[in-house]
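**Q** Model the following, please.
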Amino acid sequence: FISIPTPKEETIVYLCKNIFEFLWKSKVDKIKRSVITQHYYSGGMKMVDIKNFIISLKCSWIKRLTKSYKPWMDILFTINGHDFLQKLYDFGDTFILECLQKENNAFGKNVFNSWLTYIKTFNNHSNIKDNFLNIPVWYNSNIKVAYKTIFIQSWYEKGIKVLQDFFDEDCNLLVFEAFKCKYNLRNICIMQYNSITTAILKYLRFLHVDRTFVKLLPNACIPIFFQGVLPFEKCTRNIYKLLNDKEVVPTAIEKWNIELTQYGVDNISIKDVLRYVLKQPLIPLFSGYNFEFYTEFFQLVIILEKLI
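**A** Now for the predicted structure:
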């Protein structure tokens, strides 16, 4: 899947259907697919999510752009400009949509669509709040003025790229004159500045960001969407992990939580269950079982101990 166009949706659905029928030896899934693809900690079995796996493979082509020059890169640079890679670093998801409109090649569209899915998943991930200051302000679908994403070339050329560039050391918005002086900007409109800062504050309220104790740090050396990509030789695993990281609660855990609420126990987790199992007396469990059972049981205990 890494070097061929992405199969049609029906093909992926058919492939998944056959895989899970083989896994369960039945047409009925015994565990929800959204759960079984999760980590053991979340009640899953680390089953591969085919769709996310294909997306992560396609995203690895973006990683290749950051490596040494290859002749195929000329196609992208001719269509999108020689500063295309820098724009990928600095801009948000709407820039990828613009690239998609220019792209005619099916494989190229697959790569851009996969990267767009990755960016949108990253933007919706709970950890985005911990790094909100490094979110791009330009071409960001979450920051709009008059229902349109924003980009001001003269500001961009002065080094204004991320949300942090609009705040002071105590994470308070720069007043207009301070902003103008800091970046040596001339002939800028205060109404334009106020519109952009209002859009930024609206986005931060949406994220439920508390700026009370936040202090500005030096701008990140690695753009936010590339932090799981650039430092690593291979990025597929990191991207797949992010795409597949969902807050899914297994049905059994939901039932236990409902049942145990009356006893004052809240939000039980898979780790809690495993710890409980390992604390139980083992001798009564062994009566009537042969040596093969003992061997398999202790192997299971070793695995559980590693998990918790």
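
**Q** and the nearest residue to Q38 once chain neighbours are set aside, how many residues sit next to it?
**A** Ranked by Cβ to Cβ, 6 or more residues apart in numbering and with sequence neighbours excluded, the top spatial neighbour of Q38 is G44, at 3.1 Å. Yep, even glycine has a C-beta here, placed from its N, CA and C like the rest. Other residues lying near G44 total 21 when counted by other Cβ atoms under 10 Å.

**Q** Let me know the pLDDT of G44.
**A** Turning to G44, the model gives it a pLDDT of 79.

**Q** Then K8?
**A** The per-residue pLDDT reported for K8 equals 90.

**Q** What is the burial count for it?
**A** 9.

**Q** check contacts around it.
**A** If a contact means Cβ atoms under 8 Å, 6 or more residues apart in numbering, then K8 has no contacts.

**Q** what are the phi and psi angles of it?
**A** Backbone torsions for K8, taken as degrees, to the nearest 10, come to phi -60, psi 160.

**Q** likewise T149?
**A** Per degrees, to the nearest 10, the backbone of T149 is at phi -70, psi 160.

**Q** And the residue nearest to it when sequence neighbours are not counted, which helix or strand is it part of?
**A** Leaving aside its sequence neighbours, T149 sits nearest to T94 (Cβ to Cβ, 6+ apart; 4.5 Å). Taking DSSP states H and E as the definition, T94 sits inside helix 93-102.

**Q** which helices and strands does that helix pack with?
**A** Under the contact definition 3 or more Cβ pairs under 8 Å, 6 or more residues apart in numbering; DSSP states H and E, helix 93-102 sits against helix 73-80, helix 106-124.

**Q** which residues touch the most centrally placed residue in the chain?
**A** Most central in the chain under Cα atoms, centre = their mean is F122, positioned 3.1 Å from the mean C-alpha point. Contacts for F122 (Cβ under 8 Å, 6+ apart) come out as I128, I224, F225, L242.

**Q** ok, the first one to G108 distance?
**A** The spacing between I128 and G108, counted by Cβ to Cβ, to the nearest Å, is 27 Å.

**Q** One more: the last one?
**A** As for L242, its distance to G108 is 23 Å (criterion: Cβ to Cβ).

**Q** Would you point out the helix or strand in the protein whose mean pLDDT is lowest?
**A** Within the chain, judged by mean pLDDT, DSSP states H and E, the helix or strand with the poorest mean is helix 283-286; its value is a mean of 48.

**Q** Which residue ranges of this protein form strands?
**A** In the chain, the segments counted as strands under DSSP state E are 144-145, 148-149.

**Q** Looking at those strands, spot the one closest to F167.
**A** Of all the strands of the chain, it is strand 144-145 that lies closest to F167, at 18.3 Å by Cβ to Cβ.

**Q** shaky segments in the stretch 101-250 of the chain?
**A** Within the stretch 101-250 of the chain, the stretches with pLDDT under 70 are 215-220.

**Q** May I have the helix holding T94 as PDB, with CA atoms only?
**A** The C-alpha coordinates for helix 93-102 follow below in PDB (Å, rounded to 0.1, in the frame of the first residue of the first chain):
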ATOM      1  CA  ASP A  93      -4.900  22.000   7.200                       C
ATOM      2  CA  THR A  94      -6.400  24.400   4.700                       C
ATOM      3  CA  PHE A  95      -3.100  24.700   2.900                       C
ATOM      4  CA  ILE A  96      -3.300  20.900   2.200                       C
ATOM      5  CA  LEU A  97      -6.800  21.400   0.800                       C
ATOM      6  CA  GLU A  98      -5.400  24.000  -1.700                       C
ATOM      7  CA  CYS A  99      -2.600  21.500  -2.700                       C
ATOM      8  CA  LEU A 100      -5.300  18.900  -3.300                       C
ATOM      9  CA  GLN A 101      -7.100  21.200  -5.700                       C
ATOM     10  CA  LYS A 102      -3.900  21.500  -7.800                       C
END
